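>>> This is the structure alone, sequence omitted:
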């Protein structure tokens with residue numbers, strides 16, 4: 001029996017007539033009769049007898065029905081699964097993210113998405129810009145969410161939003177808590193440097209060269225998070241992305257933008273030959289809503 005035979009046989013068996021079967025399958029009665037006749041021809045025995053205007057199953061049909069019903073239920077499961085995938089209500093997403101987004105933005109987006117799509121499996125891992133291509137090629141993640149990525153062949157970039165570098169400073173240094181600061185104002189104070197800080201570090205040092213600013217830090221750290229926590233001890237000031245700044249402010253610290261601002265892209269990267277699933281696309285809409 002072909003799948004169409006199974007569908008028609010099951011509909012007639014459970015509804016008792018070709019008319020009712022045609023209604024629930026949204027097809028014409030002649031087409032139901034034709035498929036039934038073809039199924040009986042293929043099987044080599046009759047499936048139904050006509051009794052007082054109704055079709056009653058033959059003994060052969062009764063023996064066949066249990067197995068047919070199992071297959072029919074499996075077909076319904078496949079249809080439901082396909083619909084859930086289409087509506088982003090099923091499946092899995094694997095996201096690689098820059099650590100700074102882990103303070104608030106990604107957790108908020110994941111929570112919102114999970115409330116609406118509880119059946120979608122979510123996997124998260126932190127990555128850095130230099131390891132994006134390797135992580136995507138190994139299929140460790142479907143999407144990489146990073147700051148200011150370099151253009152790379154084989155990758156598609158989806159710009160999600162814009163953000164900026166900010167200055168985190170102890171309030172004791174600037175008691176009036178300015179919301180904007182210039183490099184000239186920073187150069188008078190101790191500066192905590194973030195070594196090898198990727199494209200955002202390049203953005204910062206390019207501006208410093210343009211403005212002929214010379215800062216010699218006595219403290220160097222590897223992460224924005226650590227720099228912000230040292231500032232919270234009333235030691236110096238640091239330049240970090242806005243997400244790290246917001247996630248690590250203390251009662252004794254504040255943040256300010258550069259004047260003019262130092263802005264960068266927040267982008268999602270994926271392999272050109274790896275089309276995004278509906279669930280991944282839907283998650284990006286939640287993330288964009290949070291970070292923008």
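Here it is on my side, so go on. The structure presented is a predicted model; accordingly, all values stated were derived computationally and were not measured. Numbering: from 1, shown residues only.

>>> Is it correct that residue 276 is in contact with residue 270?
Yes: Residue 276 is within contact range of residue 270, at 5.9 Å (criterion: C-beta atoms under 8 Å). Every residue, glycine included, has its C-beta placed from N, CA and C.

>>> Which neighbours do the two have in common?
Common neighbours of residue 276 and residue 270, using C-beta atoms under 8 Å, 6 or more residues apart in numbering, are 142, 143.

>>> Show me the contact partners of stretch 72-81.
Outside of stretch 72-81, the residues within contact range by C-beta under 8 Å, 6+ apart are 3, 6, 7, 10, 90.

>>> Now it: buried residues?
Of the residues in stretch 72-81, residue 72 count as buried by neighbour count, 16 or more other C-beta atoms under 10 Å.

>>> Can you list the low-confidence ranges for the stretch 101-250 of the chain?
Within the stretch 101-250 of the chain, the ranges that satisfy pLDDT under 70 run 196.

>>> How much space separates residue 188 from residue 221?
Residue 188 sits 21 Å away from residue 221, going by C-beta to C-beta, to the nearest Å.

>>> of the two, who's got more company?
Set side by side, residue 188 and residue 221 give different neighbour counts by other C-beta atoms under 10 Å, the larger being at residue 221 (18 against 8).

>>> Quick check, that one in contact with residue 228.
No: using C-beta under 8 Å as the test, residue 221 is too far from residue 228 to be in contact (9.6 Å).

>>> hang on, the earlier thing: inside helices: which ones of the contacts of stretch 72-81?
3, 6, 7, 10 (DSSP state H).

>>> Test my guess that the last one contacts residue 67.
Read that as residue 10. No: with contact defined as C-beta under 8 Å, residue 10 and residue 67 do not form a contacting pair (11.0 Å).

>>> Please enumerate the strands of the stretch 51-200 of the chain.
Shown for the stretch 51-200 of the chain, the strands assigned by DSSP state E, counting those that start in this stretch span residues 54-57, 91-97, 120-126, 143-147, 155-170, 180-181, 191-194.

>>> Just confirm residue 27 is within a helix.
No: per DSSP: H, G, I helix; E, B strand; the rest coil, residue 27 lies outside any helix segment and is coil.

>>> Phi and psi next, for residue 152.
Residue 152 adopts backbone torsions of phi -130, psi 130, taken as degrees, to the nearest 10.

>>> how many other residues sit next to it?
11.

>>> Skipping adjacent residues, who's closest to it in space?
Once its chain neighbours are removed from consideration, residue 152 has its nearest residue in residue 133; the separation is 6.0 Å (C-beta to C-beta, 6 or more residues apart in numbering).

>>> And residue 153, how far from residue 273?
For residue 153, the distance to residue 273 equals 12 Å [C-beta to C-beta].

>>> Of the ones in helices among the contacts of stretch 72-81, which is the nearest to residue 243?
Distance ranking of those against residue 243, using C-beta to C-beta, places residue 3 first at 51.2 Å.

>>> What sits closest to the closest one if chain neighbours are left out?
Among residues not flanking residue 3 along the chain, residue 75 sits closest, at 6.9 Å (C-beta to C-beta, 6+ apart).

>>> What separation do you get for the one you found and residue 105?
41 Å.

>>> What pairs with the strand ranked longest in the chain, parallel or antiparallel?
Counting by DSSP state E, the longest strand found in the chain is strand 253-271. Partner strands for strand 253-271, per DSSP bridges, with pairing direction: strand 143-147 (antiparallel), strand 155-170 (antiparallel), strand 180-181 (parallel).

>>> Out of these, which is closest to residue 247?
Of all the strands paired with strand 253-271, strand 155-170 sits nearest to residue 247, with 10.7 Å by C-beta to C-beta.

>>> ok, and for stretch 107-124, which residues are buried?
The neighbour-count criterion (16+ other C-beta under 10 Å) identifies 108, 109, 110, 113, 117, 120, 124 as the buried residues of stretch 107-124.

>>> Closest one to residue 252 out of those residues, please.
Sorting the buried residues of stretch 107-124 by how near they are to residue 252, with C-beta to C-beta, puts residue 108 at the top with 25.8 Å.

>>> Pretty sure that closest one sits against residue 288.
No: the pair residue 108 and residue 288 fails to qualify as a contact (C-beta under 8 Å) at a distance of 12.0 Å.
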